[in-house]
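Peer 1: All I have is the shape, not the residue letters:
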Ligand code: ADP
Ligand code: GLC
């Protein structure tokens, strides 16, 4: 049977390089697609972190004089998951210290339009069979603004594969000065309202939406929200026009990477059958972070980018009140300096009760998920969110604001939902400190009722968050873009 071939375009991929959930999705979704028979290959920029971590690279193609870009090569290797990975080796654009988007001082790289323009350009070349490779994708699947121009470049070409575009976060748009239209060798007439012009700038994100044959986002609820004024970030008009082609597919999680019974980062493993490891992890974390070692005090955690989106300012605001309940709090994150400083000063003011770690630490994030009793995600908006899944799987009921994917994946705990077996956390509406406080209080009160708390924890842990269902939904979108209805035989490709 002919396999559907998909090129998955992304700017980060776990476990090689990660700043957020996009990396987790890019690591896990392609692997899940391969399991259901899709021949998916991933393309990423060749950051030093990526090139150094793969065992062997093979040169697949060479681009010595691509108009507008420095010389580069396309390299190929295979991820541990078995997914073939292509990296663009372009030392002039990628070979430097710092992160994928920001330099060591936290400023955007000034040449980001070129860095990600090249990712889109090479992906489009692959998408119209313009390399010596015998592998030609049937569909090109771009993710977030960094991949947004792929559809525009494909639109210029003849016989190009259709592009699918997934929005992981509409707040990041990749808007740049209009001069980049020419510098990136796109046709001047693409700079129009019916094209990539967005309030006087050229927008990678808008291009993704405009030129994508189908647009997905990472939860059904967010798919609705972004078509409204409040969370549309200026793109709502275009998204409304494209509404028939917009759908939400809820993220899954990598259930091998996030498995409390086998997690390589955990000192103690546990499962619904034996939860003693969870209590031991709590004790170990309390010791590690200098918190008072006491299994009776509920431990509330947050692991997150520290930005306005994530609403940790509210958690910081109510922390002194929460500590009195008592609750212990642990926060791991990086981001806005003011928020980092506030977290650090709470840690200084409340030793033994409040721990703040500023930085990005994958291992610690797993240990916190396993050790904590409850997990806070008071996001102002959240396209999907992944930590609420990880929390549930680790028996750490999440406390979430009712928005985006959080509303789609957490069911508020009431006596009714606890009884009917659907409860999976605590959900609050109305983004205020008092509402967040009230929901933490509800969690703490339930924590004091061990039988009910154990039931809630178990209900969380037995939920199925694997990627399979969502991978099938993506397959349906790919087939639709090719004019094939799902369920029919992909032999017809
Ligand atoms: P977003 O992509 O908007 O940041 P998600 O909830 O989708 O939000 O994904 C965030 C991912 O990044 C999760 O896997 C989370 O555990 C991880 N993460 C965020 N901040 C940190 C940190 N400081 N250290 C380790 N992991 C982090
Ligand atoms: C984005 C969103 C987050 C989502 C992630 C993966 O970073 O902010 O909600 O889970 O992408 O899709």
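Peer 2: Thanks, I have it. Not measured: the values here are computed from a predicted model. Numbering: from 1, shown residues only. Ligands and ions are numbered 1, 2, ... in the order given.

Peer 1: Count the neighbours of the residue of the stretch 151-300 of the chain at minimum distance from ligand 2 for me.
Peer 2: Of all residues in the stretch 151-300 of the chain, the one sitting closest to ligand 2 is residue 168 (3.3 Å; Cβ to the nearest ligand atom). Where C-beta positions appear, they are placed from N, C-alpha and C, glycine not excepted. Residue 168 sits with 21 neighbouring residues when counted by other Cβ atoms under 10 Å.

Peer 1: I'd say residue 164 and residue 476 touch.
Peer 2: No - judged on Cβ atoms under 8 Å, residue 164 makes no contact with residue 476 at a distance of 11.1 Å.

Peer 1: out of those two, which sits in the busier spot?
Peer 2: With neighbours defined as other Cβ under 10 Å, residue 164 and residue 476 compare such that residue 164 has more, 27 against 17.

Peer 1: counting contacts, what elements does whichever strand or helix holds residue 303 pack onto?
Peer 2: Per DSSP states H and E, residue 303 falls inside strand 299-306. When contacts are defined as 3 or more Cβ pairs under 8 Å, 6 or more residues apart in numbering; DSSP states H and E, strand 299-306 packs onto helix 276-289, helix 312-323, strand 328-335, helix 337-349, helix 362-371, strand 374-377.

Peer 1: what are the pairing partners of the shortest one, and which direction each?
Peer 2: Applying DSSP bridges, strand 374-377 is found paired with strand 299-306 (parallel), strand 398-401 (parallel).

Peer 1: so which of the ones you listed is the most packed in?
Peer 2: Most buried of the strands paired with strand 374-377 by mean neighbour count (mean count of other Cβ atoms under 10 Å) is strand 398-401; its value is a mean of 28.

Peer 1: Is it in proximity to ligand 1?
Peer 2: No - judged by Cβ under 6 Å from any ligand atom, strand 398-401 stays clear of ligand 1, getting no closer than 10.6 Å.

Peer 1: what are the bridge partners for residue 401, then?
Peer 2: The partner residues for residue 401, given DSSP bridges, come to residue 428.

Peer 1: quick one, what contacts it?
Peer 2: Applying Cβ atoms under 8 Å, 6 or more residues apart in numbering to residue 401 gives the contacts 311, 377, 378, 379, 380, 382, 427, 428, 429, 431, 436.

Peer 1: any idea how far it is from residue 428?
Peer 2: Counting by Cβ to Cβ, to the nearest Å, the gap from residue 401 to residue 428 is 6 Å.

Peer 1: For the residue in the stretch 151-300 of the chain that ligand 1 sits nearest to, grab phi and psi.
Peer 2: The stretch 151-300 of the chain approaches ligand 1 most closely through residue 169 (6.1 Å), counting by Cβ to the nearest ligand atom. With angles defined as degrees, to the nearest 10, residue 169 sits at phi -160, psi 110.

Peer 1: So for it, what pLDDT did the model give?
Peer 2: At residue 169, the model reports a pLDDT of 97.

Peer 1: Surely it and residue 382 touch.
Peer 2: No - if you go by Cβ under 8 Å, residue 169 and residue 382 don't touch, sitting 9.1 Å apart.

Peer 1: Name the residues contacting each of these two.
Peer 2: residue 309.

Peer 1: contacting residues for the residue of the chain found nearest ligand 1?
Peer 2: Nearest residue of the chain to ligand 1: residue 21, at 2.2 Å (Cβ to the nearest ligand atom). Residue 21 makes contact with 168, 251, 384, 385, 386 under the criterion Cβ under 8 Å, 6+ apart.

Peer 1: ok, the third one - contacts?
Peer 2: Spelled out, it's residue 384. Contacts of residue 384 by Cβ under 8 Å, 6+ apart are 21, 168, 218, 219, 222, 250, 251, 404, 405, 408, 409.

Peer 1: ok, now residue 404?
Peer 2: By Cβ under 8 Å, 6+ apart, the residues touching residue 404 are 219, 221, 222, 225, 231, 379, 381, 382, 383, 384, 385.

Peer 1: quick one: the helix or strand containing residue 452 to helix 276-289, angle?
Peer 2: Element membership of residue 452 [criterion: DSSP H and E] is helix 450-461. Note on geometry: by axes from the mean of the first three to the mean of the last three Cα atoms, to 10 degrees, helix 450-461 and helix 276-289 are set 90 degrees apart in direction.

Peer 1: so what secondary structure elements neighbour helix 450-461?
Peer 2: When contacts are defined as 3+ Cβ pairs under 8 Å, 6+ apart, helix 450-461 sits against helix 387-393, helix 415-420, helix 433-447.

Peer 1: so can I have JSON lines of these showing mean pLDDT, distance to ligand 1 and mean neighbour count?
Peer 2: Below are these laid out as JSON lines (pLDDT from 0 to 100; distance: least, Cβ to the nearest ligand atom, whole Å; neighbours: other Cβ atoms under 10 Å):
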{"stretch": "helix 387-393", "mean pLDDT": "98", "distance to ligand 1": "5", "mean neighbour count": "26"}
{"stretch": "helix 415-420", "mean pLDDT": "98", "distance to ligand 1": "23", "mean neighbour count": "12"}
{"stretch": "helix 433-447", "mean pLDDT": "98", "distance to ligand 1": "17", "mean neighbour count": "18"}
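
Peer 1: nearest to residue 62, of these?
Peer 2: Residue 62 lies closest to helix 387-393 among the helices and strands packed on helix 450-461, at 41.0 Å (Cβ to Cβ).

Peer 1: Compare residue 169 and residue 382 (neighbour count), which wins?
Peer 2: Taking other Cβ under 10 Å, residue 169 and residue 382 do not tie; residue 382 has more neighbours (31 against 22).

Peer 1: Next, give phi and psi for the more buried one.
Peer 2: When read as degrees, to the nearest 10, the backbone of residue 382 gives phi -150, psi 100.

Peer 1: How about residue 292?
Peer 2: With angles defined as degrees, to the nearest 10, residue 292 sits at phi -60, psi 130.

Peer 1: wait, residue 161 sits on residue 142?
Peer 2: No - under the contact definition of Cβ under 8 Å, residue 161 does not touch residue 142, with a separation of 11.4 Å.

Peer 1: With neighbour numbers in mind, choose between these two.
Peer 2: Remark: of residue 161 and residue 142, residue 142 carries more neighbours, 31 against 25, as counted by other Cβ under 10 Å.

Peer 1: overlap in contacts of residue 401 and residue 428?
Peer 2: 378, 436.

Peer 1: Neighbours of the spatially closest residue to residue 99 that is not a sequence neighbour, how many?
Peer 2: Once flanking residues are discounted, residue 99 sits nearest to residue 19: 6.3 Å by Cβ to Cβ, 6 or more residues apart in numbering. Using other Cβ under 10 Å, residue 19 has 15 neighbouring residues.

Peer 1: Residue 19 is in what secondary structure piece?
Peer 2: Counting by DSSP H and E, there is no helix or strand that carries residue 19.

Peer 1: what about it, distance to residue 384?
Peer 2: 16 Å.

Peer 1: quick revisit: and the strand holding residue 303 with ligand 2, contact?
Peer 2: No - applying Cβ under 6 Å from any ligand atom, one finds strand 299-306 separated from ligand 2 by no less than 8.2 Å.

Peer 1: quick revisit: please identify the deepest-packed of the helices and strands packed on strand 299-306.
Peer 2: Buried most deeply of the helices and strands packed on strand 299-306, by mean count of other Cβ under 10 Å, is strand 374-377, with a mean of 27.

Peer 1: Give me the residues contacting it.
Peer 2: Contacts for strand 374-377 (Cβ under 8 Å, 6+ apart): 298-304, 310-312, 315, 369, 385, 387-388, 391, 396-401, 406, 426, 436, 440, 443, 447.
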